[in-house]
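Trainee: Structure, please.
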Amino acid sequence: MKRHRRAPAKPQTTIALTPLRLLAFFVSTVAITALITMQFAASMPDLGPLPNITPHDASSMKTTEVFEDDHDMLLWGTYRPHTYFGMRTATPNSLLAGLIWRDGFGPLRHWVEPNDGVSSFEWLMHDGETSGQQVIRDTSVTCTTSFVRTNISQGGGSWTARVTLESIEPEVDNSILYFYLTQPTGWEFNVINDGRQIRGFTPELGGFTLNFYIPSSVLRLRQAAIREDLPEQMLRRILETVDPELGFKWNLSERQPNTYILELAASLPFEFEVEFVSDRAAKHNLHGEAMTSALQRQQLAFNQRFEKSFRLTAKGFNQSQVAFARVALSNTLGSIGYWYGQSIVKEAHGTTPVAYFNEGLLSGVPSRCIAPRGFIWDEGFHQLLIHRWSPKITRTVLAHWLDLMNQDGWIPREQILDSEARAKVPTEILIQDTQTGNPPTWFLVIARIVDGLESSSDERAANRDIKWLRAAYPRLLAWFNWFLKVHQGVDGAFRWQQRYRVTDSMTPLTHASGMTDYPRATHPDVKERHLDLRCWLAEAARVLKRVAHLTGKPYPHEALLRSLTSEEELVSLHWDPTEQAFFDHGLHTLQPRNQLAKRRFVTDAYGYSSLFPLMLKLLKPDSPRLGRMLADLRNTTLLWSPHGIRSLATTSRYYWQDNSEDDPAYWRGAVWININYLILKGLDHYRNSPGHYQTRSEALYVELRRNLIRTVYAEYRRTNKFWEHYIDDTGEGAGSYPFNGWTSLIVLIMAEVY
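Mentor: This is a model prediction of the structure:
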């Protein structure tokens with residue numbers, strides 16, 4: 001995903017979204033979405049090869065015994081991360097619950113939007129399964145949302161959600177809250193007890209009761225049953241209730257309603273609660289003091305489980321630092337979402353986009369406001385943290401992702417599946433190219449699962465993981481084979497696909513690598529050699545062999561594995577003896593926009609790619625090349641900064657240089673926590689491996705870890721946000737924000753879990 005770097009000194013602009021502006025925004029969004037849908041659905045001439053849209057023929061991961069065992073635990077959740085607060089099930093035809101409120105006399109809040117005036121929103125506690133508490137600091141009110149689930153093993157159980165609104169500004173003494181329930185395909189419901197209770201039924205959930213607990217300070221209570229087939233239109237419908245000229249009729253029911261809206265106006269502060277009580281579960285009576293007590297118990301249990309998982313207090317971190325780490329984990333878990341629908345895909349050399357097969361996805365997201373959808377390589381980093389907390393969530397999420405694979409072994413790198421997701425995505429990136437992937441970071445997580453199996457004394461847990469790996473292996477192997485087929489280069493090398501020259505840019509972008517504008521050869525061709533890709537494939541091949549061994553499956557790539565993990569072959573393809581460093585190799589010019597290129601190492605782009613042999617442990621512990629790499633790593637004129645390892649050396653002509661007028665520098669100097677985590681992972685390996693460079697690796701590891709923790713923690717304290725990346729010379733947060741995503745790996749860095 002391409003996100004733009006925020007200039008360090010540039011102030012953020014707050015856009016006042018009035019009801020009319022919001023209405024215009026949503027009308028235009030729906031018009032664009034409808035246009036895209038019509039374009040793709042329309043009959044189109046054959047303008048090239050069509051993509052493979054047939055699901056992979058391996059058994060679905062969702063039919064495995066392990067998946068079914070985990071299903072009820074993860075059925076309900078805050079799986080609508082693009083909204084400030086919403087509940088749904090991880091199923092295709094879910095009942096959707098959502099919150100909208102008004103900040104004093106300001107705009108209505110519903111979807112999480114950048115620069116909408118909300119100063120911060122963060123989950124202080126979220127365990128990913130049973131409970132959570134979020135604080136949203138708006139302009140004149142603070143909105144606290146929380147939920148607790150009970151009787152989870154009984155068909156997913158029941159839940160209570162609480163919303164508390166408190167005034168920040170003395171002149172704001174009342175507020176309006178809307179709570180809605182909708183299911184586009186329709187659900188049966190009857191409103192009783194003056195709108196304070198609903199009896200409902202859906203085929204997925206069976207029968208249920210919704211109880212609304214209204215505060216005593218209520219000034220106005222109204223309800224409506226309407227027909228709305230697009231969830232992303234909910235705010236528009238609420239806006240209709242605000243403007244008297246639109247003639248919205250409260251306390252009336254439209255024909256064949258599928259949506260219930262409750263409007264509550266009350267004096268501040270006030271507290272509103274909703275109970276969802278399933279007929280399939282035991283009695284659920286959780287409101288008022290009982291809800292308060294339940295939240296306190298859940299918070300205590302969360303804190304204890306957190307310390308058991310990460311041992312930060314035992315490592316000497318203070319109370320503030322531990323709270324910061326809890327928020328990082330909680331925001332990661334609270335950002336998990338569910339979508340169901342179809343991607344829009346096309347073949348690399350074709351021009352005809354078609355709809356992919358229907359499938360659901362449970363996945364983390366990098367940023368709730370900027371990128372509330374799934375990304376392949378981001379998810380590998382997310383799950384490194386989540387697996388430490390809850391292996392069952394990791395198994396379930398990766399099962400969903402693996403079921404998105406087609407017969408060729410390809411998985412769309414971005415998941416834009418339903419109308420709500422498409423409403424948040426620019427039209428130009430909606431179409432997924434079947435020749436474009438992303439680094440196979442999931443193999444880092446699979447390695448973690450295998451490590452746990454090899455050291456586990458819990459036979460039941462080990463058997464569960466082996467069953468999951470046995471089911472996943474055919475798809476993991478197919479994914480690896482797709483990488484080999486699509487990315488095979490010349491003479492044993494590998495290259496990222498879909499790199500095209502653009503005349504007004506410094507270098508072609510490489511979206512597939514994840515490091516979008518990281519400088520590569522200026523003139524792409526079939527003979528390019530990409531160092532990071534080769535290293536990723538070496539890691540994948542190693543992990544696949546371990547999985548095959550554990551599950552008794554055949555492993556067909558022994559010779560390739562020896563080749564990919566051979567330091568000698570790596571050196572022959574990527575080591576420049578003159579510069580004494582690893583580089584990409586290709587048709588390249590060392591002069592800006594000079595058309596006279598020759599085949600050479602890309603020596604003016606020393607940075608993250610050059611470090612992948614260290615990150616993924618492809619060098620022998622006594623290799624002289626490791627020694628040179630460690631020396632260069634600490635060189636402050638190259639990659640070392642007080643805030644972490646920068647993505648590109650200061651000596652590079654690309655350092656902090658925009659790729660073009662419309663393409664600001666991104667992976668050209670900033671400090672990225674995901675890559676720094678991998679660097680620490682490599683250093684941790686070499687500091688624990690007897691060899692010439694063990695002591696040097698230890699010193700670098702200790703200093704780098706300290707710098708990263710200090711930087712991310714200090715910037716969180718200053719801004720109350722986690723950031724996509726950090727400015728190398730100041731440590732200031734930059735890029736998308738708030739951005740938990742892979743920045744939450746700071747928790748594993750603090751815990752020293754690699």
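Trainee: quick one: average pLDDT of the longest helix belonging to the chain?
Mentor: Longest helix in the chain, counting residues (DSSP state H): helix 459-487. The average pLDDT within helix 459-487 is 95.
Trainee: got it, and stretch 327-345?
Mentor: 97.
Trainee: Stretch 674-681 now?
Mentor: 98.
Trainee: which residues sit against it?
Mentor: The contact list for stretch 674-681 (C-beta atoms under 8 Å, 6 or more residues apart in numbering) reads 381, 384, 608, 611, 614-616, 633, 644-645, 647, 701, 704-705, 708, 742-743, 745, 748-749, 754. Every residue, glycine included, has its C-beta placed from N, CA and C.
Trainee: Among these, name the ones in helices.
Mentor: Short answer: those in helices (DSSP H) are 381, 384, 614-615, 633, 701, 704-705, 708, 748-749.
Trainee: So Asp729 versus Thr650, what's the distance?
Mentor: 9 Å (C-beta to C-beta, to the nearest Å).
Trainee: My error: substitute Val526 in the last question.
Mentor: Val526 is 33 Å from Thr650, by C-beta to C-beta.
Trainee: who's more crowded, these two?
Mentor: Thr650 (18 against 10; other C-beta atoms under 10 Å).
Trainee: where exactly do the helices run in the stretch 151-300 of the chain?
Mentor: 234-242, 289-310 (DSSP state H, counting those that start in this stretch).
Trainee: For Pro439, find the nearest of the ones you listed.
Mentor: helix 289-310 (25.8 Å; C-beta to C-beta).
Trainee: Which helix or strand lies directly C-terminal to the closest one?
Mentor: Next helix or strand after helix 289-310 toward the C-terminus (DSSP states H and E): helix 319-334.
Trainee: List the buried residues in that next one.
Mentor: 321-322, 324-334 (16 or more other C-beta atoms under 10 Å).
Trainee: between these, which is nearest Ala314?
Mentor: Of the buried residues of helix 319-334, the one sitting nearest to Ala314 (C-beta to C-beta) turns out to be Val322, at 10.4 Å.
Trainee: which intervals of the stretch 451-600 of the chain have sub-threshold pLDDT?
Mentor: Flagging of the stretch 451-600 of the chain using pLDDT under 70 yields the residue ranges 592-595.
Trainee: tell me the helices in it, going along the chain?
Mentor: 459-487, 531-551, 558-564, 567-574.
Trainee: can you redo the helices of the stretch 151-300 of the chain as JSON lines with distance to Asn720 and mean neighbour count?
Mentor: Shown next, in JSON lines, are those (distance: least, C-beta to C-beta, whole Å; neighbours: other C-beta atoms under 10 Å):
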{"stretch": "helix 234-242", "distance to Asn720": "26", "mean neighbour count": "21"}
{"stretch": "helix 289-310", "distance to Asn720": "20", "mean neighbour count": "15"}
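Trainee: The ones you listed: which one's closest to Asp57?
Mentor: Here helix 289-310 is closest among the helices of the stretch 151-300 of the chain (C-beta to C-beta), at 37.8 Å.
Trainee: For the closest one, name the packing helices and strands.
Mentor: strand 120-126, strand 131-137, strand 141-150, strand 158-167, helix 319-334, helix 376-389, helix 746-751 (3 or more C-beta pairs under 8 Å, 6 or more residues apart in numbering; DSSP states H and E).
Trainee: try 7 Å this time
Mentor: Secondary structure elements in contact with helix 289-310, counted by 3 or more C-beta pairs under 7 Å, 6 or more residues apart in numbering; DSSP states H and E, are strand 131-137, strand 141-150, helix 319-334.
Trainee: if we can go back for a sec, and of the buried residues of helix 319-334, the nearest to Ala478?
Mentor: Once C-beta to C-beta is applied, the member of the buried residues of helix 319-334 that ends up nearest Ala478 is Thr332, at 28.4 Å.
Trainee: What pLDDT is listed against the closest residue to that closest one other than its chain neighbours?
Mentor: Leaving aside its chain neighbours, Thr332 sits nearest to Ser744 (4.6 Å; criterion: C-beta to C-beta, 6 or more residues apart in numbering). With respect to pLDDT, Ser744 scores 98.
Trainee: Assess the claim that Ser744 and Ile386 are in contact.
Mentor: No: the pair Ser744 / Ile386 is not scored as a contact, 9.1 Å apart, by C-beta atoms under 7 Å.
Trainee: can you list residues touching both of those two?
Mentor: Both Ser744 and Ile386 are in contact with Thr332, where contact means C-beta atoms under 7 Å, 6 or more residues apart in numbering.
Trainee: Neighbour count: the two, which is higher?
Mentor: Ser744 (29 against 23).
Trainee: Could you list which residues are in contact with that one?
Mentor: 328-329, 331-332, 385, 722 are the contacts of Ser744 under C-beta under 7 Å, 6+ apart.
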